[in-house]
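> need coordinates for the below:
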Amino acid sequence: MADSKADPKAEAEGKAKAEPTGAPGPSQMTGKRGMRSYVKDCAILIGDCGPVFASGKSLGSSKLDAQLGVFKHADEESWFGLQIKIPLGKNQAANEASGFGVLHAHDSKYDDILASDQYIIQVRFPRDSVKQTVGPAPDKVVSMFPNAKTLSYTKISFGNSKPTVFGYGRPYANAEDPELQGWVKDNKPILKQYTLLDALQLVEYHIVVPIKAADVEKNLDTSRLHPVFAFPYAVPEAWAPSAFKQDIAANPGHKYKPDYMLPDNNSLITAMTQSVVQDMMWLDDAVKATSTIKVPGYFIPEVSEGTRSYYVVVALPPEFIPGFDAAWRRLTKNADAFNLLIWGSKNKLAPQADWDCRLMSHPETLDQLSDHPIKDHEIVLLVCRPEPCEKRNDMGRSNMYHVKTYPNREEANKAFEQSEDH
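Down below sits the predicted model:
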C-alpha cells in the first residue's frame, strides 16, 4: 500500500516493475480523449537557486536527465511529478558483455516489453498536498542556462506528506560509466554531499522549466490531473464466484490496458484477481448453459461388448456452434477430460449418468469407426464408465448405467428413426 510517510527507497523497491521506456511529449495522446500528458525538460536544483543536480537535454549537459510533467495514461492513476532517466550504456552492450544482462521495460507505444537504454525513476507528488509557487527564473538561475531563451522557476513542497517513488532500488549497471554506477548502486555523492536517495527525499523541490511561468501554471500542477483512478470492482476477500459474476455484470466495460506499476496493494490484488476471474467466468456461464442442451448421440464399444470405454458420436444442433463457438474452442483446447451428461431421454428432468470423456481430434483415423462415417456437424467422444462408488460433488455417477451400442452407422440411424424420443 502506498503511504505518504513511507521511506521512498523501501516503497520503490516494492514497486520494482517495468516502466515506460520514454516520457510522452507535450502533445502526445495516450489513447483516450482527454488523456493528454504534458511533459517538459527541467532542471532540479539543490536548494534555492542552488547548483544543478539533474537536467533535461534542452537545458544543458547532465548525466541525469530530468523532466517535470503531468502524466496521464488510460486505465491508470494520473500523476504530477518528476521523471529521472539514467543511461544504461549504448545498447547495453557493455552490460551484456560484463554478465549483468539487458534490462527491459514496458513500451507503451508498442504495448510490449522491450530492451530499454534508460533506467527510469518516477517521483510522484502527493496530489492533495502539493504547495507550488511559480515565477520567472531569478538572474542567478538564468546565468546557469545561457542557451535557454525562456525560463521559469517553480518551488514545490508537500507539507507533512512525501512523494511516492517508483523505480528506485531495482538492479542497475552501466559498465561504460563507473561514476554513474556508483551513484545508483552504491548511493555515492553526486553533488557535494548529496546522493540520488537524498534527491528523492527532498521536502521541497526547486525546479527550472524552459517555458513561461504562465505555461507552468496552466499545464504543470495537480489541477490538471484526472480524478483518482480505481478499478470498479470490489477488492476480493475470498473465492466467491457468484459475487464475482455480480460485480462483473454491474461493471461492463472495455479491456483495460496493462499497468506495470500499480499504486497500492488493493489495486494489485484486484488486477491480478480480475484478470483470472474474467478469463474464466464466461466459460463457466457457457458450461452451465451447454449442460442443459440435450443432443442426440449413440455409443460404440471401443474394443468389444463389456468394455468400460466407448466412443460416442454426438450430433450438435445448428445453433450450437454460433452460440458457443468461442467457449467451445477454449474449453476443448488441450482439455484432458470433461463431463458427458447422459440423459437417456429428452423427457428426463435430470441426467441419468455423469461420465468422464475427451474429444477425439481425428476420429477418421480410428479403425473402430470405419463403419461410422462422421458428418461435419458431429463430434466423437471417448467416454469412460466410472469406477464403482465413484462420486462427483458428493453425487453418484451411475457407473452401472446401461448403454446400447451400435456396430455401424446404418443400424444407429435406423434406431434413431424408429425412436419417438428425439
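> give the burial count for Ala43, as a bare number.
For Ala43, the tally of surrounding residues (other C-beta atoms under 10 Å) stands at 27. (Each C-beta comes from the backbone N, C-alpha and C, glycine too.)
> state the pLDDT value of Ser304.
Looking at Ser304, its pLDDT is 60.
> next: Tyr256.
pLDDT, Tyr256: 89.
> residue contacts, the nearest residue to Gly135 once chain neighbours are set aside?
Sequence neighbours aside, Ala213 is the residue nearest to Gly135 in space, at 5.4 Å (criterion: C-beta to C-beta, 6 or more residues apart in numbering). By C-beta atoms under 8 Å, 6 or more residues apart in numbering, the contact set of Ala213 is Val134, Gly135, Pro136, Ser152, Tyr153.
> recalculate using a threshold of 7 Å.
Val134, Gly135, Pro136, Ser152 (C-beta atoms under 7 Å, 6 or more residues apart in numbering).
> after the lengthiest helix in the chain comes which helix or strand?
The helix that spans the most residues within the chain, counting by DSSP state H, is helix 265-290. Note on helix 265-290: by DSSP states H and E, the next helix or strand toward the C-terminus is strand 297-301.
> where's Trp183, which helix or strand?
Under the criterion of DSSP H and E, Trp183 resides in helix 178-185.
> packing partners of that helix?
Here helix 178-185 touches strand 79-87, going by 3 or more C-beta pairs under 7 Å, 6 or more residues apart in numbering; DSSP states H and E.
> now do the helix holding Trp183 and strand 79-87, the angle between them.
Relative orientation of helix 178-185 versus strand 79-87 (axes from the mean of the first three to the mean of the last three C-alpha atoms, to 10 degrees): 140 degrees.
> give the buried residues for the helix or strand following helix 178-185.
Next along the chain after helix 178-185, taking DSSP H and E as the criterion, comes helix 196-200. Neighbour-count burial for helix 196-200, counted by 16 or more other C-beta atoms under 10 Å, picks out Leu196, Leu197, Ala199, Leu200.
> still on that earlier bit, can you tell me which of the contacts of Ala213 are in helices?
Short answer: these have none in helices (DSSP H).
> what's the closest of these to Gln67?
Nearest to Gln67 among the contacts of Ala213: Ser152, at 14.6 Å, using C-beta to C-beta.
> which residue packs closest to the closest one, ignoring adjacent ones?
Ala213 (4.1 Å).
> what about that neighbour, distance to Leu225?
Distance of Ala213 to Leu225, given as C-beta to C-beta, to the nearest Å: 20 Å.
> likewise for Thr270?
From Thr270 over to Leu225 (counting by C-beta to C-beta), the distance is 21 Å.
> tell me which element the residue lying closest to Asn266 once chain neighbours are set aside falls in.
Leaving aside its sequence neighbours, Asn266 sits nearest to Val235 (C-beta to C-beta, 6+ apart; 4.9 Å). According to DSSP H and E, Val235 maps onto no helix or strand at all.
> show me what contacts Val235?
Going by C-beta under 7 Å, 6+ apart, Val235 touches Asn266, Ile269, Thr270.
> same check on Ala335?
By C-beta under 7 Å, 6+ apart, Ala335 lies in contact with Arg358, Leu359.
> tell me, how many neighbours does the residue nearest to Ser78 when sequence neighbours are not counted end up with?
Using C-beta to C-beta, 6+ apart and skipping residues adjacent in sequence, the residue nearest Ser78 is Lys72, 4.2 Å away. A total of 24 residues lie near Lys72 under the criterion other C-beta under 10 Å.
> can you check the one 4 residues further on too?
The burial metric for Glu76, expressed as a neighbour count using other C-beta under 10 Å, is 21.
> could you list the buried residues of stretch 144-161?
Under 16+ other C-beta under 10 Å, the buried positions of stretch 144-161 are Met144, Phe145, Ala148, Leu151, Ser152, Tyr153, Thr154, Ile156, Phe158, Ser161.
> sort out for me which of the residues you listed are in strands.
Judged by DSSP state E, those include Ser152, Tyr153, Thr154, Ile156 as members of strands.
> of the residues you listed, which is the nearest to Tyr168?
Nearest to Tyr168 among these is Ile156, at 18.7 Å by C-beta to C-beta.
> how confident was the prediction at the closest one?
Here the pLDDT value assigned to Ile156 is 98.
> so for stretch 187-196, what's the average pLDDT?
95.
> quick check: end-to-end length of that stretch?
6 Å (C-alpha to C-alpha, to the nearest Å).
> gap between it and the chain center?
Distance of stretch 187-196 from the chain centroid (C-alpha atoms, centre = their mean, to the nearest Å) equals 36 Å.
> stretch 209-227 too?
Relative to its parent chain, stretch 209-227 has a centroid offset of 30 Å by C-alpha atoms, centre = their mean.
> let's test this: mean pLDDT of that stretch, rounded?
Across stretch 209-227, the average pLDDT comes to 95.
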